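Student: Provided below for reference: sequence and predicted model.
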Amino acid sequence: MLAQYNRLKEAYAGCLLLFRLGDFYELFGEDAEIASRILQITLTSREAGRGRRIPMCGVPYHAADSYIATLVHKGFRVAICEQLEDPKKAKGVVKRDVVRVVTPGTITDVLPEKNQFLVSLAAASGGSGYGLAACDLTTGEFTCTEVSGAEAGELVLTELHRLQPTEILQFKVPAALAAKIAELGIYCPETDERLFITDHARRVLLDHFDLLSLEGFGCEHMTWAVTAAGALLSYLIDTQKSAMDHITRLVPYSLSAYMILDAATRRNLELTRTARDGQYQGSLLSILDRTETAMGARLLRQWLEQPLISGDQINRRLDAIDDFRKDHAARGELGQNLKKVHDIERLLGRVAMGTANARDLLALAHSLEAAAAVQAVYTRLAASQELLQLAGETDPCLDVARLITLAVHPDPPVSVQEGGIICPGYNAEVDRLRAILTQGQSWVSGLEKEEREKTGIKSLKIGYNKVFGYYIEVTRPNLALVPDHYERKQTLAGSERFITPELKQKEEEILGAEERLKELEYDLFCQVRSQVAAHIGRMQELAGIIAKVDVYQSLADVAVTRGYCRPTINTAGRLTVKNGRHPVVEVMRREEPFVPNDIEMEAATRQILLITGPNMAGKSTYLRQTALIVLLAHVGSFVPADEADIPLVDRIFTRVGAADDLAAGQSTFMVEMNEVANILNNATANSLVILDEVGRGTSTFDGLSIAWAVTEYLHESPRCRPLTLFATHYHELTELEELLERVHNVHVAVKEEEGRVVFLRRIVKGGANRSYGLEVARLAGLPSSVLARARQVLDDLEQNERARMAKEIMAGELLPPPAPAELPPLSSRRPRTGKKAVTSAPEREVGQLALFAPVSLPPDALVSELAAIDPDDLTPRAALQLLYELHRKARERLEAVENTTA
Ligand SMILES: Nc1ncnc2c1ncn2[C@@H]1O[C@H](COP(=O)(O)OP(=O)(O)O)[C@@H](O)[C@H]1O
Ligand SMILES: [Mg+2]
C-alpha cells in the first residue's frame with residue numbers, strides 16, 4: 001500500500017496527497033507534518049517497514065471538505081486519492097487513484113457567494129498584446145478577451161482587479177507585468193507551457209464544446225484569447241478529471257464595450273469594499289444589493305464593476321427598473337418567490353461534476369418551481385423592451401423539475417449511498433425490496449412474540465447490531481428456560497444472546513434486500529442526475545434571466561426606498577445634478593443629516609471645477625458623490641439625486657492625495673505622480689477626472705506648481721479635455737479661474753458662529769477665502785495662546801515664502817514647468833472675456849505674478865479675527881504681540897485697497 005502511495009505522490013509532486021483509507025483521508029510524511037500544523041490535528045506515525053516509522057495524520061472523509069478548503073486557502077494544491085473498488089471485494093491492495101486536484105481557483109466546496117475566477121493569461125510574443133480568459137468552475141461561466149496597444153499591461157491589471165481571481169495561469173508574461181501581478185498576492189501555479197500551444201488549445205475547446213469551429217462563439221479569430229481559454233480548459237480537465245458539462249459556452253467580450261475603471265479608482269470609489277479596511281459593509285454594493293438570490297448578487301456585483309458605455313443599453317436597463325419601480329405590490333410578490341430560488345448555477349455545476357446529492361436535486365427542482373412563480377410576476381408587468389424580451393425567452397424547465405420530484409424522495413439523507421433517496425412509486429423493484437424489508441421487520445417482531453409465548457420468557461427480546469446481525473436476548477435469571485435449539489453467540493454481564501437457523505435465514509434475506517436496495521437507489525439516482533444534466537444549458541439560460549430580474553427588482557427597490565431619480569443620458573458632455581447625495585454617506589453617517597448639493601459642468605464651458613474649502617468641509621465627499629452618480633447612471637441604475645443629466649463617459653479616473661489615501665498605506669509621492677501621469681496620458685475628452693488634493697505628497701511649492709500645471713494641461717491639451725473636479729487646499733489655484741476659460745471655482749460654505757467654524761456642507765460659487773486650518777484647530781480644542789501664535793507664524797511664513805519664491809523666479813531658478821508640446825505658448829493665452837482684465841504687462845509675467853500675488857482678504861476677515869480673540873485668556877505679552885500683528889495686517893489691508901483703486 002505504501003508503494004502505491006509513493007507512486008501517486010511522485011505523480012502529484014507539488015500537491016498534498018489525501019489518501020483514502022476506509023473512512024479517512026490520510027496524509028503521510030512531510031504532507032502529514034504540514035497538514036497537522038495547519039489543520040490542528042494530531043500527528044501520529046505508521047510502521048513503514050524495517051522498523052522505520054513515518055509521520056501520519058488523517059481527516060474523516062465526511063468532514064473532509066472544510067479541511068480541504070482550509071489547506072487550499074493557505075495556498076496548497078490538494079490531490080484527492082479515492083478507493084476505486086470496494087475494499088471487501090478487492091483482491092490484494094485496493095485500487096486507488098487521484099480523482100481530483102483542488103487548487104485555489106478550482107475549489108468547489110465551501111464557497112463565498114461571489115464568483116470565484118480562475119484566470120489564464122497568455123502574452124503574445126513581444127508583449128504586444130494579451131489573451132485573457134476567466135472561468136468560474138462553480139457556475140460554468142467562461143469568458144475571454146484580448147488586449148493590445150501601449151496600455152495593454154495596465155488594462156490587464158485593471159481586468160484582474162475587476163475579476164479578483166483566486167488563481168492565475170500565466171504564459172510568457174513580461175517580467176514587469178508579472179511582478180505587478182505577484183504584488184496582488186494571488187496564487188499562480190507553475191504551468192505547463194504545452195497547454196498554451198495555440199493549436200492544442202483550440203483543439204481542447206473544439207473537443208469540449210463538440211464543435212468544428214469557434215465561429216459560433218464569435219472568437220475564431222481571437223488567437224490569443226482562444227489560446228488562453230484553451231489552456232485554462234486543459235488545466236481544468238487535468239485537475240478535475242470529471243465531466244464539466246456546465247461549461248456550455250465561451251463568451252468573448254471586448255474591454256471597449258465597458259467603462260474602464262483602473263485599480264485606484266475602484267479602490268477610491270469603494271465599489272465593492274471600503275478603501276480603509278476592505279469591508280463589504282460601507283461599500284456602494286452594500287447599499288445597492290437587495291437581491292434575493294446568489295445569482296442576482298453575483299450579477300449585480302458584475303454590473304457595478306463593468307459599467308456600460310452605450311446610451312441604448314443603459315436606457316434598456318433603466319426602462320426595466322422603471323417597470324418594477326411602478327408596481328410596489330408586484331415587487332413584494334417577486335421578492336417572496338425569489339427568496340425560494342437557490343443558487344441554480346452552482347447546483348448545475350454540482351450536477352455536471354457528479355457531486356450533486358439528492359438534496360441538491362430537490363433544491364434545484366424547488367428553485368425551478370419558484371422561478372416559474374417569479375416568471376408569472378414579471379411577465380405580467382413587463383412593458384419595457386428588456387422585460388418583454390426576457391419574458392418571451394423564459395423556458396421554465398418545469399419538465400426537469402417534474403423529473404426530479406417524481407424520482408427523488410421528498411426527504412432524502414445527505415448521503416447518496418445509504419438508500420432512502422428514491423421516491424416511492426418511481427421504480428417497482430425499489431418498492432418490492434422495500435416491502436421485503438418492512439415484511440422482514442414485522443416477521444421479526446412476530447417471531448419475538450411467538451418465542452416469548454413458547455418459552456414463557458416475558459423479557460425475551462430480538463435485537464440487531466452490525467457485528468452479529470439479529471439475535472435473541474435472554475436475561476440471566478431466565479437462562480434455564482432457553483430451549484435446546486438456540487445457539488449461544490455472545491455473553492454479556494446480565495444476559496446472553498442466541499441465534500436460531502430460522503432467524504439467520506431471514507436475516508440474510510433482509511440484509512440482501514437492503515444491500516440491493518442501496519445499490520439500486522444509487523444507480524437510479526445517478527441516472528436521474530445525468531438526465532437532469534442533459535438540460536443544463538436550458539436551466540443556465542433560465543438562471544441568467546432570474547439573475548437579471550433579481551437585479552432589476554433590487555435596483556428598483558433601492559430607487560424607491562432611497563428616493564433615487566432616473567438619470568437622462570447625453571452625449572454633449574453635460575453633467576447636471578440637482579440635489580445629489582453620496583449614496584453611502586447619506587446612509588452610514590447618522591449624526592448629521594446629509595446635505596444634498598447640485599453640480600453643473602459642461603465640456604464646452606464649465607470643464608473644470610476647482611473646489612476649495614477647509615479641512616473636513618466635505619470636498620472629498622462631493623467629488624466622490626459626483627463620480628458615483630455618474631458611475632451608477634452607467635450601470636443603468638437610478639441615482640441619488642432629484643434630477644440628473646449625465647454625459648456618456650468612457651472612463652472615470654480618480655486620484656486621491658497621499659494624506660487622504662489611507663488604504664494604500666505606504667503611498668508615496670511617487671505613487672501619486674504615477675497615477676497622475678496615467679490620467680494625463682490616458683484621459684480623453686469623454687473621461688471624468690477626479691483629483692483630490694493632488695500634490696499633497698510633496699512640499700507646498702512643488703505640490704502647488706504641479707497642481708497648477710496639471711490643471712493647465714487638462715484645460716489646454718487638444719486631445720484630452722476631460723470633465724475634471726479638483727479639490728484642493730492650494731488657494732492660489734483659484735486664480736486659474738481668471739486665466740483659463742473653462743475653469744470655475746466653487747467652495748464648501750462654512751460660517752463662523754461665535755468665533756467658531758460651522759460646516760454648512762453646501763457647495764457655492766467662488767473660491768474659499770482662506771484656509772480655515774486654524775479655526776479647525778480651535779474646534780479641536782487647542783489653547784487659544786497656541787492658536788494666536790500659530791496665526792502669527794503662518795502670516796510670517798506666507799510673507800517670507802512669497803518674497804523668496806518671487807526672488808527665485810526672478811533669478812530663473814524655479815521656472816514653472818514647461819508647457820506640453822500641444823499647449824499654446826503661455827503668452828498667446830488670453831484671459832476669458834468678461835472676467836477681470838489683468839493688467840497690460842506681458843502675459844507671461846501675468847501668469848506668474850497672479851500665482852504669487854497676496855491672497856486678498858475679505859472685508860470682514862479682520863473683524864472676525866478680532867471677534868475670535870478671548871481677551872481674558874491672553875497673557876499681557878501675547879496680547880501685545882497680537883496687537884502688533886493686527887496693526888500690521890490692517891496696514892496691509894489699507895495698502896492693498898489703495899493699490900487696486902489706483
Ligand atoms: N453633504 C454632506 N452632508 C453631511 N455630511 C457631510 C457632507 N459632506 C461631507 N460630510 C461629512 O463631513 C466629513 C468630512 O468630509 P470630507 O469630504 O472628508 O471633507 P474634506 O475632503 O473637505 O476634508 C465626513 O465625515 C462626511 O461624512
Ligand atoms: Mg478630503
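Tutor: Yep, it's here. Numbers count the residues shown, from 1 in each chain. Ligands and ions are numbered 1, 2, ... in the order given.

Student: what does the stretch 651-800 of the chain have sitting close to ligand 1?
Tutor: Contact residues (CB under 6 Å from any ligand atom) of the stretch 651-800 of the chain with ligand 1: Arg761. Backbone N, C-alpha and C define where each C-beta goes, glycine included.

Student: which residues in the stretch 651-800 of the chain form strands?
Tutor: Secondary structure of the stretch 651-800 of the chain, counting by DSSP state E, counting those that start in this stretch: strands at 651-656, 688-692, 723-727, 743-753, 756-765.

Student: could I get the ones you listed as CSV with mean pLDDT and mean neighbour count?
Tutor: Output for the strands of the stretch 651-800 of the chain, formatted as CSV (pLDDT from 0 to 100; neighbours: other CB atoms under 10 Å):
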stretch, mean pLDDT, mean neighbour count
strand 651-656, 92, 25
strand 688-692, 95, 25
strand 723-727, 96, 26
strand 743-753, 87, 20
strand 756-765, 85, 16
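
Student: any idea which helix or strand in this protein has the lowest mean pLDDT?
Tutor: Least confident helix or strand of the chain, by mean pLDDT, DSSP states H and E, is helix 843-852 with a mean of 35.

Student: and the following helix or strand past it with strand 743-753, angle?
Tutor: Per DSSP states H and E, the first helix or strand lying C-terminal to helix 843-852 is helix 861-868. Helix 861-868 runs at 30 degrees relative to strand 743-753, counting by axes from the mean of the first three to the mean of the last three CA atoms, to 10 degrees.

Student: which other helices and strands does the next helix or strand after helix 861-868 contact?
Tutor: Next helix or strand after helix 861-868 toward the C-terminus (DSSP H and E): helix 876-901. In this structure, helix 876-901 packs against helix 784-810, helix 861-868, with contacts taken as 3 or more CB pairs under 8 Å, 6 or more residues apart in numbering; DSSP states H and E.

Student: just put those in JSON lines and tack on distance to Leu739, mean pLDDT and mean neighbour count.
Tutor: Converted to JSON lines, the helices and strands packed on helix 876-901 look like this (distance: least, CB to CB, whole Å; pLDDT from 0 to 100; neighbours: other CB atoms under 10 Å):
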{"stretch": "helix 784-810", "distance to Leu739": "17", "mean pLDDT": "72", "mean neighbour count": "14"}
{"stretch": "helix 861-868", "distance to Leu739": "24", "mean pLDDT": "76", "mean neighbour count": "14"}
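
Student: closest to Glu600 out of those helices?
Tutor: helix 861-868 (28.5 Å; CB to CB).

Student: just the CA trace of that closest one, in PDB.
Tutor: Taking Å, rounded to 0.1, in the frame of the first residue of the first chain, the C-alpha atoms of helix 861-868 are listed here in PDB:
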ATOM      1  CA  ALA A 861     -11.800  88.700   8.000                       C
ATOM      2  CA  LEU A 862     -10.000  91.100  10.400                       C
ATOM      3  CA  VAL A 863     -13.200  91.800  12.200                       C
ATOM      4  CA  SER A 864     -13.900  88.100  12.700                       C
ATOM      5  CA  GLU A 865     -10.400  87.600  13.800                       C
ATOM      6  CA  LEU A 866     -10.800  90.300  16.400                       C
ATOM      7  CA  ALA A 867     -14.100  88.800  17.400                       C
ATOM      8  CA  ALA A 868     -12.400  85.400  17.900                       C
END
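
Student: what is it packed up against?
Tutor: Using 3+ CB pairs under 8 Å, 6+ apart: helix 861-868 touches helix 876-901.

Student: let's go with 6 Å and repeat that
Tutor: Using 3 or more CB pairs under 6 Å, 6 or more residues apart in numbering; DSSP states H and E as the contact test, no helix or strand touches helix 861-868.

Student: now the angle from it to helix 876-901?
Tutor: Using the same axes, to 10 degrees: helix 861-868 against helix 876-901 is 160 degrees.

Student: and stretch 706-723, which residues are buried?
Tutor: 706-717, 720-723 (16 or more other CB atoms under 10 Å).
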